[in-house]
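Peer 1: Structure of the sequence below:
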Amino acid sequence: MRFLFLCSMLLLGTVKAQFPYLNNKTRDFLVNGSAIPNVTWDIGESYAGYLAKDVVESTSLYFWFFPSSNPKASDEITIWLNGGPGCSSLMGLMLENGPFLWQPGTYQPVPNPFSWTNLTNVIYVDQPGGTGFSLGPSSVVSEFDVARQFMSFWRRFIKTFDLQGRKIYLTGESYAGQYIPYIASAMLDKKDETYFNVAGVQINDPYINEMNILRDVPALAAVNHHTSLFPFNNTFKTALTTLADDCGYTSLLHASLQYPQNARLPPVPTDPGCSIHTLVTTAISEINPCFNPYHILSSCPTPWNPVGGPIVGAGPTNYFNRSDVQKAINAYPTDFFVCKTGIFPTPNGLDTSPPSSLGPLASVIERTNNTIIAHGSLDFELLVNGTLMSIQNMTWNGRQGFERRPTEGLFVPYRAGAGGGTLGTAHTERGLTFSEVFMSGHEIPQYVPGAAYRQLEFLLGRIDSLSKEAKDFTA
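Peer 2: Below you'll find the predicted structure:
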């Protein structure tokens with residue numbers, strides 16, 4: 001089928017014009033953009049599959065690469081990673097920022113007007129080995145293992161597609177807040193701009209600290225802020241307040257969110273009796289059986305999700321588990337799960353490396369001076385104040401935390417059928433930008449795609465401010 005597809009293009013003389021990345025090294029990865037099941041239009045040039053197995057790791061990471069026709073993208077490439085750990089980056093492609101969308105509760109895929117491929121070349125990678133379509137075995141324990149595995153793949157990918165010297169932007173969400181700083185740091189350590197020319201980093205709703213900081217300490221403040229979504233009785237709210245006080249969380253949260261911040265965050269012991277986040281999610285699930293911590297506005301009925309798997313809203317289908325889909329996108333026949341457990345063989349399922357805000361993140365900020373940390377305000381899986389606490393505990397470029405409270409507006413230009421305006425905050429100091437997106441849950445490109453698109457424009461240097469009003473929607 002691929003042979004006939006290539007022959008028809010050659011006869012039409014369209015290969016060089018429409019497929020500039022197609023050559024003898026890449027032709028086996030070419031995806032027929034008009035033959036993707038359920039997608040009723042041609043998505044254009046893309047390449048997917050596996051490079052040769054890593055001889056050290058015995059793994060082969062699956063990728064799907066989408067070149068952009070935007071001339072401003074000619075010297076760059078953007079990496080997208082989902083988190084988990086163990087969640088396929090194809091979830092981000094199909095539900096968030098890829099060229100076609102099939103979001104939960106919708107009938108079929110539709111073109112994505114906010115596809116990141118409109119701006120830049122984008123590659124989605126299932127990693128570490130064993131995640132999504134990537135071939136195992138899972139052999140990583142630490143983030144240093146993750147970075148080493150990814151960089152081996154990346155060097156071979158750059159060689160295959162002749163992308164040497166490109167500026168590299170690493171983006172992702174959730175547990176990618178752990179993956180990306182470690183991968184970016186390892187790339188920057190190489191001081192090799194031919195293969196590892198890191199130009200910027202963006203992590204959304206990121207795992208960057210211990211879970212009790214990201215969840216338990218800020219949980220009560222989130223409940224009190226969103227009272228209509230957590231309609232607890234006074235007895236329960238009083239009990240939560242007393243527990244937060246007794247655990248030291250109330251005073252810790254207040255002390256941590258000072259601007260400027262000069263005191264280091266003290267160690268917060270893990271105390272099962274202080275698991276406020278678990279108490280809240282258990283209680284709200286009694287009131288709202290369809291409570292979704294990834295987007296607290298959600299209620300019953302839960303829409304089915306076309307990617308299936310062990311995620312909120314999973315339904316009767318699993319698009320990427322279909323044999324016709326796997327064949328179309330050059331994936332090995334796989335019993336596909338969008339999120340797999342056991343990627344890290346540890347008691348808690350997480351890696352053994354320090355959380356990135358206690359590890360390489362500050363150094364990555366300093367070495368790129370182009371790092372964005374964004375967070376949806378309706379996310380209860382990881383909470384916005386936990387991210388801010390983590391930032392205020394970091395020291396980069398000579399000072400600790402932000403010196404001013406993030407209050408400047410995140411302005412998204414109006415676009416017909418998509419809305420716009422001030423949709424959050426956007427604050428920059430010393431190479432780090434923090435942006436809170438007001439109407440978003442855990443997955444910003446899914447819930448407020450215009451804001452995510454605007455943030456990418458800023459990361460790529462296409463605009464010089466996230467707060468400045470603009471007359472046009474930049475492409």
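
Peer 1: Contacts only, for Tyr124.
Peer 2: Tyr124 makes contacts with Phe63, Trp64, Phe65, Phe66, Trp80, Ser89, Leu90, Gly92, Leu93, Gly98, as judged by CB atoms under 8 Å, 6 or more residues apart in numbering. Every residue, glycine included, has its C-beta placed from N, CA and C.

Peer 1: For the stretch 251-400 of the chain, just list every one of the strands.
Peer 2: For the stretch 251-400 of the chain, the strands defined by DSSP state E, counting those that start in this stretch occupy 371-376, 395-396, 399-400.

Peer 1: Mind putting those strands into JSON lines with distance to Val39 and mean neighbour count?
Peer 2: Output for the strands of the stretch 251-400 of the chain, formatted as JSON lines (distance: least, CB to CB, whole Å; neighbours: other CB atoms under 10 Å):
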{"stretch": "strand 371-376", "distance to Val39": "28", "mean neighbour count": "26"}
{"stretch": "strand 395-396", "distance to Val39": "43", "mean neighbour count": "16"}
{"stretch": "strand 399-400", "distance to Val39": "48", "mean neighbour count": "16"}
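
Peer 1: can you redo these as CSV with mean pLDDT and distance to Gly129?
Peer 2: Converted to CSV, the strands of the stretch 251-400 of the chain look like this (pLDDT from 0 to 100; distance: least, CB to CB, whole Å):
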stretch, mean pLDDT, distance to Gly129
strand 371-376, 98, 27
strand 395-396, 98, 32
strand 399-400, 96, 37
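
Peer 1: among the ones you listed, which is nearest Met439?
Peer 2: strand 371-376 (7.9 Å; CB to CB).

Peer 1: Using CSV, write down the CA coordinates of that closest one.
Peer 2: Extracted C-alpha coordinates of strand 371-376, given in CSV (Å, rounded to 0.1, in the frame of the first residue of the first chain):
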residue,chain,number,x,y,z
THR,A,371,11.2,28.2,30.5
ILE,A,372,7.4,28.3,31.0
ILE,A,373,5.6,26.6,33.8
ALA,A,374,1.8,26.7,33.2
HIS,A,375,-1.1,25.4,35.3
GLY,A,376,-4.8,25.1,34.9
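
Peer 1: Note down every partner strand of it and its orientation.
Peer 2: strand 198-204 (parallel), strand 432-437 (parallel) (DSSP bridges).

Peer 1: pull the CA atoms of stretch 285-305 into PDB?
Peer 2: What follows is stretch 285-305 as a C-alpha-only set of coordinates in PDB (Å, rounded to 0.1, in the frame of the first residue of the first chain):
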ATOM      1  CA  SER A 285     -17.000  11.700  45.000                       C
ATOM      2  CA  GLU A 286     -19.900  10.900  47.300                       C
ATOM      3  CA  ILE A 287     -21.600  14.100  46.200                       C
ATOM      4  CA  ASN A 288     -20.500  14.000  42.600                       C
ATOM      5  CA  PRO A 289     -19.900  10.300  41.600                       C
ATOM      6  CA  CYS A 290     -18.400  11.600  38.300                       C
ATOM      7  CA  PHE A 291     -15.900  13.900  40.000                       C
ATOM      8  CA  ASN A 292     -12.900  14.300  37.700                       C
ATOM      9  CA  PRO A 293      -9.800  15.600  39.600                       C
ATOM     10  CA  TYR A 294      -8.300  16.600  36.200                       C
ATOM     11  CA  HIS A 295     -11.100  19.000  35.600                       C
ATOM     12  CA  ILE A 296     -13.300  19.800  38.600                       C
ATOM     13  CA  LEU A 297     -16.200  21.300  36.600                       C
ATOM     14  CA  SER A 298     -17.000  17.800  35.300                       C
ATOM     15  CA  SER A 299     -20.100  16.000  36.400                       C
ATOM     16  CA  CYS A 300     -22.300  13.100  35.400                       C
ATOM     17  CA  PRO A 301     -22.600  11.600  32.900                       C
ATOM     18  CA  THR A 302     -19.000  11.000  32.100                       C
ATOM     19  CA  PRO A 303     -18.400  11.200  28.400                       C
ATOM     20  CA  TRP A 304     -16.700   8.200  26.800                       C
ATOM     21  CA  ASN A 305     -13.100   8.700  25.800                       C
END
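
Peer 1: could you list every residue that touches Asn370?
Peer 2: By CB under 8 Å, 6+ apart, the residues touching Asn370 are Ala199, Gly200, Val201, Gly431, Leu459, Gly461.

Peer 1: What of Ile365?
Peer 2: Thr371, Met394, Trp396, Asn397, Arg430, Gly431, Leu432.

Peer 1: swap in Phe232?
Peer 2: Contacts of Phe232 by CB under 8 Å, 6+ apart are Val223, Leu240, Ala283, Ile284, Ile287.

Peer 1: just to revisit the earlier point, with distance to Ala263 as extra columns, can I get the strands paired with strand 371-376 in a markdown table?
Peer 2: Listed next are the strands paired with strand 371-376 as a markdown table, based on distance: least, CB to CB, whole Å:
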| stretch | distance to Ala263 |
| --- | --- |
| strand 198-204 | 25 |
| strand 432-437 | 19 |
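
Peer 1: Among those, which comes closest to Asn262?
Peer 2: That would be, of the strands paired with strand 371-376 and by CB to CB, strand 432-437, which comes in at 17.5 Å.
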